[in-house]
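[1] Model the structure of this input:
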Amino acid sequence: MSKKVKPLLRGITVSSTSWATNVLTINTTGDHGLLTGDKVSFGDQNTPEIYRDLTITVTDTDTFTVPMTDKYCKIPPVIYVDTWNVGATGAQDVFTFGLSTPPAGLVQVVSNTGATATVKVEGSLDGSHWTDIAAAAALSSGGSVFVDITKPYAYGRLNFTVAVAGAGGKVKAYLGV
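    As a prediction, the model looks like this:
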């Protein structure tokens, strides 16, 4: 039985920010892949966030806003989110399993209602060279795919061989160890 479950996060690199009238505008270095209504938290995978579950409004592919009364809030260079909803195929952002990941764990990949995709989970020891942990599996609307982790990979990533589709399609992944 799993003793600990954590969401697997992807990072969005921040290029600049501005604040006006209780709204924080965040510009990213590339397509952030977010949708209006998604939630973000400021912090990293190992540190509790000061600003949690802020609902965003997307203004374009590399800019979104969040309500923020703290004019002097500190925004880290990378904001972590727990959804993959970019409508493209290919390898997604890398997440960290952690070097202490035991050689037994379980990744659960979950889609929301309306989202379908074909996804495989890949692992790496160095974050550069990848191997399939599990073959591509069809992820149905509202469904789950479970992948056993039998080797101690330091890094992982989702690789969509068929893009996330559907209105507001989102995929989340969790690690249980």
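
[2] tell me the contacts of the residue lying farthest from the centre of the chain?
    Computed with CA atoms, centre = their mean, the residue of the chain farthest from its C-alpha average is Thr21, at 29.1 Å. Shown in contact with Thr21 (CB atoms under 8 Å, 6 or more residues apart in numbering): no residues. Every C-beta, even on glycine, is put in place using the N, C-alpha and C of the backbone.

[3] now Thr61
    Residues near Thr61 by CB under 8 Å, 6+ apart: Asp31, His32.

[4] How many residues are close by the residue found closest to Leu158 once you drop the neighbours it is linked to in the chain?
    Spatially, and ignoring its direct neighbours in sequence, Leu158 is nearest to Gln92 (4.6 Å; CB to CB, 6 or more residues apart in numbering). When neighbours are counted by other CB atoms under 10 Å, Gln92 registers 20.

[5] Do I have it right that Gln92 meets Asn159?
    Yes: under the criterion of CB atoms under 8 Å, Gln92 makes contact with Asn159 at 6.8 Å.

[6] Can you pull the poorly scored residue ranges out of the chain?
    By pLDDT under 70, the weakly predicted segments of the chain are 1-6, 43-50, 84-90, 93-94, 96-104, 113-114, 164-169, 177.

[7] let's see 50
    1-2, 44-45, 48, 101 (pLDDT under 50).

[8] And it, split by domain according to the record?
    Per automatic domain parsing, the structural domains of the chain span 10-81, 90-176.
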